[in-house]
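K.L.:
any chance you could fold what I've pasted below:
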Amino acid sequence: MNLTGILKKENIFIADHYTDTDSFYNDFSKFLNKNEIIKNTEKVKLLFIKRESVQSTAIGKGAAAPHIFSDEFSDFTFSLALIKEGMDFKSSDNQKVYLVFLIMSDEREVGLHLKSLAHIARLVSSTDIVETMKKAQNPQDIINIFKQKDQLI
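P.N.:
Residues are numbered from 1 along each chain as shown. Have a look, this model is predicted:
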């Protein structure tokens, strides 16, 4: 699995702080719309919120991996969000989440979702990617760090 080749600069979202996941998903959906990745901001926001309400997508060590399926996505889309001050994702380890790996596609990509989630879990558990990403200043820094850490898996 190589997520480095899928990650694009225009899919990287950086923010300072969020008080809750609903606000984060609202702004992230607007970001996707602004970058012409989706058309229906409200639909995508609600899918993320619904997914989060089933069970927290936090995977521990300061990371989360929300994933949704929607016909809004014509291609498999992988995004990274850096929340510089962290936010509460109701993680089982009670840590704030700083790095959010977002996986989005239509229903045809179920296998790719599962492979991506497994890869992200290995990446977070076996590297210091979250701590290193906290120092990133811009999307290019994030891509460089992601590429470096992804090669270790």
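
K.L.:
Tyr153 contacts Ser126, correct?
P.N.:
For the record, residue 153 is Ile, not Tyr. Yes: the pair Ile153 / Ser126 is scored as a contact, 6.7 Å apart, by Cβ atoms under 8 Å. Every residue, glycine included, has its C-beta placed from N, CA and C.

K.L.:
what residues are up against the most centrally placed residue in the chain?
P.N.:
Nearest to the geometric centre of the chain sits Phe101, at 2.2 Å (Cα atoms, centre = their mean). If a contact means Cβ atoms under 8 Å, 6 or more residues apart in numbering, then Phe101 has 63-66, 78-80, 116, 120 as its contacts.

K.L.:
and the residue nearest to Ile103 when sequence neighbours are not counted, what's its pLDDT?
P.N.:
Excluding the flanking residues, the one nearest Ile103 by Cβ to Cβ, 6 or more residues apart in numbering is His67, at 3.9 Å. With respect to pLDDT, His67 scores 95.

K.L.:
which residue ranges of this protein form strands?
P.N.:
12-15, 58-60, 63-64, 67-69, 77-87, 97-105 (DSSP state E).

K.L.:
so which of these gets nearest Thr4?
P.N.:
Nearest to Thr4 among these is strand 77-87 (9.7 Å), distances taken as Cβ to Cβ.

K.L.:
circling back: with neighbour count and distance to Thr41 added, can I get the contacts of Phe101 in TSV?
P.N.:
What follows is the contacts of Phe101, written out as TSV (neighbours: other Cβ atoms under 10 Å; distance: Cβ to Cβ, whole Å):
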residue	neighbour count	distance to Thr41
Ala63	24	25
Ala64	26	20
Ala65	21	21
Pro66	24	16
Phe78	21	19
Ser79	22	15
Leu80	21	19
Ser116	21	23
Ile120	24	25
